[in-house]
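>>> Provided below for reference: sequence and predicted model.
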Amino acid sequence: MVWHGWETDSTRDPAAVEVLDAFEAAQEAQKSTADCYRAGVAAWRRVHPEQTPVYSAQRAVSLILAVKATLRIPDE
């Protein structure tokens, strides 16, 4: 994915709370990982219906990864 620097910070977007709440609710319901991300994307689309599906998915997933993902590097 190429970042152009003009995108706003997804974590500061008005949709952020809804996206993370939907993702977490799906996790608590023991949905598949794909369904958890789909729930987050659907929440983003509800807040931003004017955006294309692809752009909405990119923004929602980048938000979820920014907040939820951790990188573990094993000690050698």
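Now that the structure is in, tell me what you want to look at. Numbering: from 1, shown residues only.

>>> and residue 17, what is it in contact with?
With contacts taken as Cβ atoms under 8 Å, 6 or more residues apart in numbering, residue 17 has no neighbouring residues. Just so you know, the C-beta spots here come from the backbone N, C-alpha and C atoms, and that holds for glycine as well.

>>> try residue 38
Listed by Cβ under 8 Å, 6+ apart, the contact partners of residue 38 are residue 26.

>>> Next one: it, what pLDDT does it get?
Per-residue pLDDT puts residue 38 at 98.

>>> Look up how far residue 48 lies from it.
Remark: distance between residue 38 and residue 48 (Cβ to Cβ, to the nearest Å) = 16 Å.

>>> same question, residue 72
Note on residue 72: its distance to residue 48, by Cβ to Cβ, is 32 Å.

>>> Compare these two and say which is more crowded by neighbours.
Taking other Cβ atoms under 10 Å, residue 72 and residue 48 do not tie; residue 48 has more neighbours (16 against 5).

>>> What values do phi and psi take at that one?
The phi and psi values for residue 48, taken as degrees, to the nearest 10, are phi -120, psi 70.

>>> got a list of what it touches?
The contact partners of residue 48, by Cβ under 8 Å, 6+ apart, come to 15, 56, 59.

>>> With adjacent residues omitted, what lies nearest to the last one?
By the measure of Cβ to Cβ, 6 or more residues apart in numbering, the closest residue to residue 59 outside its immediate chain neighbours is residue 10, 5.3 Å from it.

>>> and the gap between that neighbour and residue 71?
Between residue 10 and residue 71 the distance is 18 Å, computed by Cβ to Cβ.

>>> same check, this time on residue 37
When Cβ to Cβ is applied, the distance between residue 37 and residue 71 equals 18 Å.

>>> okay, the two: which has more neighbours?
residue 37 (20 against 4).
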